[in-house]
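Novice: Fold the stuff below for me.
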Amino acid sequence: MIGKIVVHGGAGIWQKDVRRGLIGVRNAAAAGTRILKRGGSALDAVEAAVIVMEDDPVFNAGKGCSLTLAGTIEMDAAIMDGRDLSAGAVALLRTVKNPVHLARLVMEKTDHVLLGGEEAERLARALSLPRRNPMTAERRRRYLMFKKEPADTPTIGWIRKNRPLIQQHPELLEGDTVGALAVDTEGNFAAATLTGGVMLKLPGRIGDTPQIGCGLYADNTSGAATFTGVGEVAIKLAISKEVCMLMEQGRSAGEAAALAVTKATKRLKGSGGVIAIDRKGRLAKVHNSPFMPWAISTTKMQKPTYASSGRIVAPLQP
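Specialist: Numbering: from 1, shown residues only. So this is what the prediction gives:
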């Protein structure tokens, strides 16, 4: 079987950073493909791809995360193995260099699926994982700019309640969750995802990214999917699990992803996108946002294919 990988850099507006985002997703897909070409597992491939994006400050993941309302960083990550539904996730991390790797260790070395906050940080210290300060000057600049908004500006809930703020400052929507899906030459699926969360979120807020079935899902009986966008939408719809259920029922990856994004738009007016791989190896990149940088590669390709937009369905109206 041909090994395949698809990655995304986050659904949003992007604007000036989209070129850097394209370079980032291309590099991530290339890293995962090198593993697949050596006969490595889909699980190893998606972890390697997400680590590349964790280390690239253009993404809202790892180095360069968005800041909370309190000016702190809280990262969430997850990984899932479609062979046996093993999964690991972490939430509210502040200093771990590569949260997706810690998520994998939660899966492999504990009896749990999700660990959060100080106890997850404690596990990282016990396992001697590398640390760093993920805050960048650019993210700090954006945070300070929006903190200067008038006191009555409803920054919390801005996604839905403050359209004028978005129109004046579209960079708010630049970057989001990053994700990677792969199927290896043995036909095994895996998914991985990471985020710094929505800008100006309340400290302690946990989105869809570390919640299995919401931010991601992988199952050899159906395929794999991951979501990017407003996390609360993905949680309410259990959107990644729904995509996989549709694929298990015979829908193609493209059909399943389009149905899910359309549902998110119509029912909850949620901005976001889905990437998916079905059991026949068909890939989907569907979103309702202006951009969603993505890249795909296979064990038969010399270099990844990438673009700033996939299939746009049911776009949100301003």
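
Novice: Let me see the contact set for residue 211.
Specialist: When contacts are counted by C-beta atoms under 8 Å, 6 or more residues apart in numbering, residue 211 is found next to 78, 89, 114, 234, 235. C-beta: built from backbone N, CA, C; applies to glycine.

Novice: Repeat that for residue 115.
Specialist: Contact partners of residue 115, counting by C-beta under 8 Å, 6+ apart, are 89, 90, 91, 106, 123.

Novice: Out of these, which sit inside helices?
Specialist: When the contacts of residue 115 are checked against helices using DSSP state H, the ones located there are 106, 123.

Novice: just the contacts of residue 115 now: which is nearest residue 97?
Specialist: Proximity to residue 97 was ranked across the contacts of residue 115 by C-beta to C-beta; first place goes to residue 90, at 12.6 Å.

Novice: Downstream of the longest helix anywhere in the chain, the next helix or strand is which one?
Specialist: As assigned by DSSP H, the longest helix anywhere in the chain is helix 18-37. As assigned by DSSP states H and E, the chain's next helix or strand after helix 18-37 is helix 42-54.

Novice: Return the alpha-carbon coordinates of that following helix using CSV.
Specialist: Extracted as CSV, the C-alpha positions of helix 42-54 are listed here (Å, rounded to 0.1, in the frame of the first residue of the first chain):
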residue,chain,number,x,y,z
ALA,A,42,1.8,6.3,10.6
LEU,A,43,2.1,7.1,14.3
ASP,A,44,5.8,8.1,13.9
ALA,A,45,5.0,10.1,10.8
VAL,A,46,2.3,12.3,12.3
GLU,A,47,4.3,12.9,15.4
ALA,A,48,7.3,14.0,13.3
ALA,A,49,5.2,16.3,11.2
VAL,A,50,3.6,18.0,14.1
ILE,A,51,7.0,18.5,15.8
VAL,A,52,8.1,20.4,12.7
MET,A,53,5.2,22.8,13.1
GLU,A,54,5.6,23.0,16.9
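
Novice: What is that helix packed up against?
Specialist: Judged by 3 or more C-beta pairs under 8 Å, 6 or more residues apart in numbering; DSSP states H and E, the packing partners of helix 42-54 are strand 4-8, helix 18-37, strand 75-81, helix 99-109, strand 178-183, strand 189-195.
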